[in-house]
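A.B. asks: What shape does this take:
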Amino acid sequence: EVRYRGQPIAVVAAEDEDTANAAVAAMKLELEELEPLFDVRRAFAPDAPKIHHWGNWYPHFEGEMDRRQIRKGSVEEAFDSADVVVQGVYRPAAIEHVPLETQVCLVVPEANGRLTIYSCTQALYFSMGVVAAHLQVPLNKLKVVGGTGGGGFGGKVDTATETLCSLLALKAGRPVKWRWTREEEFLCSSTRAPWHIEIADAVTKDGWILGRKMLTLHDSGAYARFSPYGLTKHSFHHTGAYTIPNLEFDGFVVFTNRVPTTAMRGFGVTSVSFATETHMSRIAHELDLDPYEVRLKNANRI
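C.D. replies: Residues are numbered from 1 along each chain as shown. Coordinates of the predicted model:
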């Protein structure tokens, strides 16, 4: 089942790039087109296309919860006693990392049965664990060698190259190298995740934030990869740099038919910082208060 454009279906190794491209061009693929899902807001509708067998959002947070959830104090009391409720919706977009060096990997099968993986990964042990899981081998069958990456910015935390190269090296019994072209990097590589963030704050007329309700939909694309980790970091920072006594946070990792998404410069945190700071300015504007005074009043203290 092909869940996004660019998902690996078949892989070819050859002596040179022209031969490999000719082999790929000779393949014939018959697909039945299914209705796609591209908007996280539609994922919860009863008639939405099903991306995975368990549904359209990741269900495996601790205690088999289907969301990342935070509760603190009494949000109901905070909203009952508020002078004003300020609401906002924020939708940071997907961003391509555009590293100068595209994703690339070289795998060498060793005489002792191990695979030596030369990778551009930013996270050696993440990548080792992923390859071991895919190949169903113990970690001691793999040796991952990193180096100076030609740019990553989060986009090489979970690279696509190692497993495919490892499979080919095992099949061929020879070293195999593979890299994305610039066009493939743009079309198929992971982007920073798009987010849908809804915030409602209970505030007093002089600028105190009494409580916050927040809903986050993290667009993980077709597969979860490390998105649950990104949402976890996101949830820790959902109050920004401010002390808010009453909280109700729900965050979902939502599947769509986009390319799988990944880290970019503060996985999960940059997007929520944009949302919370924009919302603080909105509160100040609604109350006709100085935006810096509102921030200082609510700032975290020891």
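A.B. asks: can you count the residues close to Ala43?
C.D. replies: Neighbour count of Ala43, defined by other C-beta atoms under 10 Å: 21. Where C-beta positions appear, they are placed from N, C-alpha and C, glycine not excepted.
A.B. asks: Tell me the spacing between it and His196.
C.D. replies: Counting by C-beta to C-beta, to the nearest Å, the gap from Ala43 to His196 is 10 Å.
A.B. asks: Now the common contact residues for those two.
C.D. replies: Here Ala43 and His196 have Leu217 as joint contacts, going by C-beta atoms under 8 Å, 6 or more residues apart in numbering.
A.B. asks: Report the beta-bridge partners for Trp178.
C.D. replies: As for beta bridges, Trp178 partners with Cys105 under DSSP bridges.
A.B. asks: Touching, it and Thr161? I think so.
C.D. replies: Yes - with contacts counted by C-beta atoms under 8 Å, Trp178 reaches Thr161, the gap being 5.6 Å.
A.B. asks: for the chain, what's the longest helix?
C.D. replies: helix 269-287 (DSSP state H).
A.B. asks: From the rest of the structure, what touches the helix or strand that that one is followed by?
C.D. replies: Next along the chain after helix 269-287, taking DSSP states H and E as the criterion, comes helix 291-298. Helix 291-298 is contacted from outside by 207-209, 241-244, 280-281, 283-285, 287, using C-beta under 8 Å, 6+ apart.
A.B. asks: let's go with 10 Å and repeat that
C.D. replies: The contact list for helix 291-298, computed with C-beta atoms under 10 Å, 6 or more residues apart in numbering, reads 201, 203-204, 206-209, 239-244, 277, 280-285, 287, 289-290.
A.B. asks: which of those residues are buried?
C.D. replies: 201, 203, 207, 209, 239-240, 242, 244, 277, 280, 282-284, 287, 289 (16 or more other C-beta atoms under 10 Å).
A.B. asks: from those, which is closest to His52?
C.D. replies: Ranked by distance to His52 (C-beta to C-beta), those are led by Thr239 at 31.3 Å.
A.B. asks: Secondary structure element for that closest one, which one?
C.D. replies: Going by DSSP H and E, Thr239 is not part of any helix or strand.
A.B. asks: Also Ala132?
C.D. replies: When elements are assigned from DSSP H and E, Ala132 belongs to helix 124-135.
A.B. asks: Show me what counts as buried in that helix.
C.D. replies: Phe126, Ser127, Met128, Val130, Val131, Ala132, Leu135.
A.B. asks: Likewise for stretch 103-116?
C.D. replies: Along stretch 103-116, these residues count as buried under the neighbour rule (16+ other C-beta under 10 Å): Gln103, Val104, Cys105, Leu106, Val107, Val108, Pro109, Leu115.
A.B. asks: quick check, nearest of the residues you listed to Ser273?
C.D. replies: The closest of those, once distances to Ser273 are taken by C-beta to C-beta, is Gln103, at 27.4 Å.
A.B. asks: Break down the stretch 101-250 of the chain into its strands, ranges please.
C.D. replies: Under the criterion DSSP state E, counting those that start in this stretch, strands of the stretch 101-250 of the chain are mapped to 104-109, 115-119, 142-145, 176-179, 195-203, 209-221, 246-255.
A.B. asks: tell me how far the second one is from the chain's mean position?
C.D. replies: Between the centre of strand 115-119 and the centre of its chain there are 25 Å (C-alpha atoms, centre = their mean, to the nearest Å).
A.B. asks: quick one: the helix holding Ala132 to strand 104-109, angle?
C.D. replies: If you take axes from the mean of the first three to the mean of the last three C-alpha atoms, to 10 degrees, helix 124-135 sits at 60 degrees to strand 104-109.
A.B. asks: low pLDDT regions in the stretch 1-150 of the chain?
C.D. replies: Judged against pLDDT under 70, the stretch 1-150 of the chain has no low-scoring part.
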